[in-house]
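Student: Make a model of this:
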Amino acid sequence: MKKAATIRDVAARAGVSVSVVSRVLNDTGPVAPAKRAQVLEAIEELGYRPKAAARQLSQDRPDTVGLLLADLANPFFARLADRVVAEARSRELQVVLMTTQEDPHLEEQALRTLLDRSVGGVIGTPTGHNVEHWDKLANLEMPVVFVDRAIEGLDQVDVVSIENVESAATATGHLLDRGHRRIGFVPGPLDTTTGSERVRGYERALAERGVARDERLVRPVPFRGESGADVMAQMLALDEPPTAVVVANTAQVRVVLRMLAQSRVSIPDDLSLVVFDDNPWTELIRPPLTAVRQPIDMLALHSVDLVHARMRQKLPPSPRRVRVAAEFLERSSTAAPRTG
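Tutor: Down below sits the predicted model:
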């Protein structure tokens, strides 16, 4: 990671004096429009942040971590936030919590805010967009750790996630081994690593058992909203509907369950079901749901460990990739397909 730009760097890039840059930043005196434009362009090009620069000059690393998560209405992220805060407090770190609500525009605003608030590091779940803003953050002296998801091509960032490919392959293989051949798969958007990797796991399990993929049975949906109900209805209306479904989009599990209940689909008699992730209620409903349990405690532990070590410059510069195994929990929502 390169050093944070200083006010002198901005002045040199803009071809003006430090005092001119200071007047532009603080709006404290007259500056010719052309020179103001040069200064603002230099600030943008260098990714200059006054507070970040002041921190670099003083060598005072604040014990505050920015936590930028996708959607706190999603129980997975709510529990992840709780565990990250607990892990941070055990290391005497404070947490500034922000959410993107899966909106790239809000994500961009949040990244700018975290820079200006001079946090010592960021743990984030990217939307899959704003690559240039994450890249700028990572190239400053600001530790960044992606948790749950990553951005393809942004190789300088530490990543903590579950074994998505393996988890989806296990869930799909469980259904194939019970005799299912028409298996629906409902992942998140394919421009996220969780969505694309879980589809790869699904495809791997099919290929290993010689089952052809039917494109109509793979239905990526957004994390927010109720699109899960729509794609389930579409799959069930096929001439050859699925006999089993893996809901690999955690945020859509309740939406899918409500749709199936309203349609009087009996689980597992009419349809076997496997879900990501394991919430407290998944074993309390009837039938209890077969689930892939994501190790939220371990995701939080590794994320905080990494950002804390980076803040104190205790790790070599090469990025770390931490993948933790999820647990497959077989319950009563899966069975052999009904004949006839």
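Student: residue boundaries of the strands in the stretch 101-250 of the chain?
Tutor: For the stretch 101-250 of the chain, the strands defined by DSSP state E, counting those that start in this stretch cover 121-124, 144-147, 158-162, 183-186, 244-247.
Student: List just the one of these that sits closest to Asp230.
Tutor: Nearest to Asp230 among the strands of the stretch 101-250 of the chain is strand 183-186; the distance by CB to CB comes to 10.6 Å. All C-beta atoms are positioned from the backbone trio N, CA, C, and that covers glycine.
Student: Show me what the mean pLDDT comes to for the closest one.
Tutor: In this model, strand 183-186 has a mean pLDDT of 98.
Student: same for that strand, what does it pack against?
Tutor: helix 164-176, helix 193-208, helix 227-236, strand 244-247 (3 or more CB pairs under 8 Å, 6 or more residues apart in numbering; DSSP states H and E).
Student: in the longest one, what's buried?
Tutor: Across helix 193-208, burial judged by 16 or more other CB atoms under 10 Å covers 193-199, 201-206.
Student: In those residues, find the pair that's most separated.
Tutor: Thr193 and Leu206 (20.4 Å).
Student: if we can go back for a sec, got the buried residues of helix 193-208 as CSV, with distance to Val20 and pLDDT columns?
Tutor: Listed next are these as CSV, based on distance: CB to CB, whole Å; pLDDT from 0 to 100:
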residue, distance to Val20, pLDDT
Thr193, 44, 95
Thr194, 47, 96
Gly195, 48, 97
Ser196, 48, 97
Glu197, 49, 97
Arg198, 53, 98
Val199, 53, 98
Gly201, 56, 98
Tyr202, 58, 98
Glu203, 58, 98
Arg204, 59, 98
Ala205, 63, 98
Leu206, 64, 98
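Student: Would you indicate which residues of stretch 136-150 are buried?
Tutor: Within stretch 136-150, judged by 16+ other CB under 10 Å, the buried ones are 136-138, 140-150.
Student: ok now that stretch, how far from the chain's centre?
Tutor: 12 Å (CA atoms, centre = their mean, to the nearest Å).
Student: If you average the pLDDT over it, what comes out?
Tutor: Taken as a whole, stretch 136-150 has a mean pLDDT of 88.
Student: got it, and stretch 297-317?
Tutor: Mean per-residue pLDDT for stretch 297-317: 95.
Student: ok, now stretch 98-112?
Tutor: On average, stretch 98-112 scores 94.
Student: Do me a favour and get the end-to-end distance for that stretch?
Tutor: End-to-end distance for stretch 98-112, by CA to CA, to the nearest Å: 12 Å.
Student: What residues of that stretch count as buried?
Tutor: Those buried within stretch 98-112 under the rule 16+ other CB under 10 Å are 98-100, 102-103, 107-108, 110-111.
Student: nearest to Val21, of those residues?
Tutor: Leu111 (23.0 Å).
Student: Make sure that closest one is actually in contact with Gly47.
Tutor: No. Using CB atoms under 8 Å, Leu111 is not in contact with Gly47, being 11.0 Å away.
Student: possible to save the buried residues of stretch 98-112 as TSV with distance to Ala14?
Tutor: Formatted as TSV, the buried residues of stretch 98-112 follow (distance: CB to CB, whole Å):
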residue	distance to Ala14
Met98	31
Thr99	36
Thr100	32
Glu102	37
Asp103	33
Glu107	29
Glu108	24
Ala110	28
Leu111	24
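Student: In helices, which of those residues fall?
Tutor: Residues of the buried residues of stretch 98-112 located in helices (DSSP state H): 107-108, 110-111.
Student: Quick check: the farthest pair among those?
Tutor: Glu108 and Ala110 (7.3 Å).
Student: Can you list the buried residues in the helix or strand in which Ala42 is found?
Tutor: Using DSSP states H and E, Ala42 sits in helix 33-46. Residues 35-36, 38-39, 42-43, 46 are the ones in helix 33-46 that count as buried (16+ other CB under 10 Å).
Student: Can I get the helices and strands packed on strand 183-186 in CSV including distance to Gln94?
Tutor: What follows is these, written out as CSV (distance: least, CB to CB, whole Å):
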stretch, distance to Gln94
helix 164-176, 31
helix 193-208, 28
helix 227-236, 36
strand 244-247, 36
